[in-house]
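S.K.: would you be able to build a 3D model of this:
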Amino acid sequence: MLGGAAITGLAPKSGRADPIGGVMGSAADPDGGFRVGLLGGDLAVFDASSVPVRLHALSPRADGLEAVAVGRRPSDVAFVLDGRGATIRSTFRASVGRRFSGHGAYAPRGADFLSAEIDAATGEGFVVVRDVAGGYAAKGEFRSAGVGPHELIPVGGMVAVANGAKEPKSEPGIAALGHTKARSNLALLDAATGQVAQVAAVEDDLATLSLRHLVAAPDGGVIVGAQDTAKGAHDAPLVARLDGDRLRWIDPGYEASARFGGYVGQLAIDVSGRYLAASGPIGGVVGVFDLASDSLLGLVAAPDCCAVAADGTTGGFIAATGLGEVIRIASHEGGAAAVERRATRLRWDNHLTPLA
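M.R.: Residues are numbered from 1 along each chain as shown. Just a heads-up that it's a prediction; the model follows:
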């Protein structure tokens, strides 16, 4: 997601220390170094920390005082940052014999951090519970109910996990588990006990889809984005709601599905809970869906764009690309469009998240 040369544009504004209403994400600078990127509500770029490895997702704590950045998966290192990503406070490693998936999340009260981890030998997934006050040391764990977990998010008293079934990339785990094909699934697990509450597996006719990214809806529902591992034409729907023990796909039709290139990179829901943005970095689009009707409102051109986040307004989103462009997207029941585009000095990577 960092393809192409950076567009030289606005320099970071170190004089303004507080990117109010903004987002943070993984990025690269013009010299090729990896760093945390900050965007203010006005799309201005702010100084943040440089890091020694490529990052994947960042997770701010709800009180805004701390955040965790996980190394690009598969990795075994994560960085504890201050709440604005300006300094590295400490690091922690994946459990012995494991690799991070690139994602983690704070438990609702912020006392624990949940890391998605993959057994390097088998591919089996684990949710590791880490004590924030204790330096993010592991204090418990439970199985993710699948192979290759990618993103996890807290939902009420549950943890939702997208088990992508494709990690490690060489898939030794699938062979070790005795399966010819590991089935991707979305699992709901009890956050306290790890007990499996629901598992919704990808259906046989969509078996090439790997479930990867998640977002929680205001009504307590869970929406998942998929990536198609098949070669050739990609025209399957890639966004689904969890509906009991099944996935209910939001199908925009053959042509629109094909525009995503078989790959949804990140999901975001606006502040109203009605509008959903889904990035398609392979297809170079951001699609906006109306969740009231489960219909596609529009596709916004965004080459090499994986990172997208809600901007705090009804129907509003910020998208950032590997070419250095940031885009403000507006949407309502009549459609969706880019309403502002700006070049920045950073090349934006996989994910954005609103600042706490």
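S.K.: in this structure, which helix or strand is least confident?
M.R.: Here the helix or strand of the chain ranked lowest by mean pLDDT, DSSP states H and E is helix 172-176, holding a mean of 51.
S.K.: helices of this protein, residue ranges please.
M.R.: For the chain, helices defined by DSSP state H occupy the ranges 172-176, 254-259.
S.K.: helices or strands up against the longest strand seen in the chain?
M.R.: Longest strand in the chain, counting residues (DSSP state E): strand 137-147. In terms of contacts (3 or more CB pairs under 8 Å, 6 or more residues apart in numbering; DSSP states H and E), strand 137-147 is packed against strand 112-119, strand 124-131, strand 158-163, strand 185-190, strand 196-201. C-betas here are computed from N, CA, C, even on glycine.
S.K.: and it, which strands flank it?
M.R.: strand 124-131 (antiparallel) (DSSP bridges).
S.K.: right, and residue 74 touches residue 101 too?
M.R.: Yes - under the criterion of CB atoms under 8 Å, residue 74 makes contact with residue 101 at 7.4 Å.
S.K.: please say which of the two ends up with more neighbours.
M.R.: More crowded of residue 74 and residue 101, by other CB atoms under 10 Å: residue 101, with 30 against 19.
S.K.: what's the per-residue pLDDT of that one here?
M.R.: Looking at residue 101, its pLDDT is 92.
S.K.: the residue lying closest to it once chain neighbours are set aside bridge partners, please.
M.R.: Spatial nearest neighbour of residue 101, chain neighbours left out: residue 116 (4.2 Å); criterion: CB to CB, 6 or more residues apart in numbering. For residue 116, the beta-bridge partners are residue 127 (DSSP bridges).
S.K.: ok, now which ones touch residue 116?
M.R.: Residue 116 sits next to 100-104, 125-127, 144, 149-152, 161 when contact means CB atoms under 8 Å, 6 or more residues apart in numbering.
S.K.: low-confidence ranges in the stretch 101-250 of the chain?
M.R.: Applying pLDDT under 70 to the stretch 101-250 of the chain flags residues 167-182, 233.
S.K.: apply 50 and report the result again.
M.R.: Applying pLDDT under 50 to the stretch 101-250 of the chain flags residues 168, 170, 172-173, 180.
S.K.: could I get the full set of strands for the stretch 1-150 of the chain?
M.R.: Ranges of strands in the stretch 1-150 of the chain, per DSSP state E, counting those that start in this stretch, are 23-28, 34-39, 45-46, 50-51, 55-60, 66-71, 77-82, 88-93, 98-106, 112-119, 124-131, 137-147, 149-155.
S.K.: need the winner for burial among those strands.
M.R.: By mean neighbour count, with neighbours taken as mean count of other CB atoms under 10 Å, strand 23-28 ranks first of the strands of the stretch 1-150 of the chain at a mean of 28.
S.K.: not counting it itself, show me its contacts.
M.R.: Residues from elsewhere that reach strand 23-28, judged by CB under 8 Å, 6+ apart: 2, 6, 34-39, 48, 54-58, 60, 67, 69, 72, 84-85, 307, 309, 311, 318, 320, 346-355.
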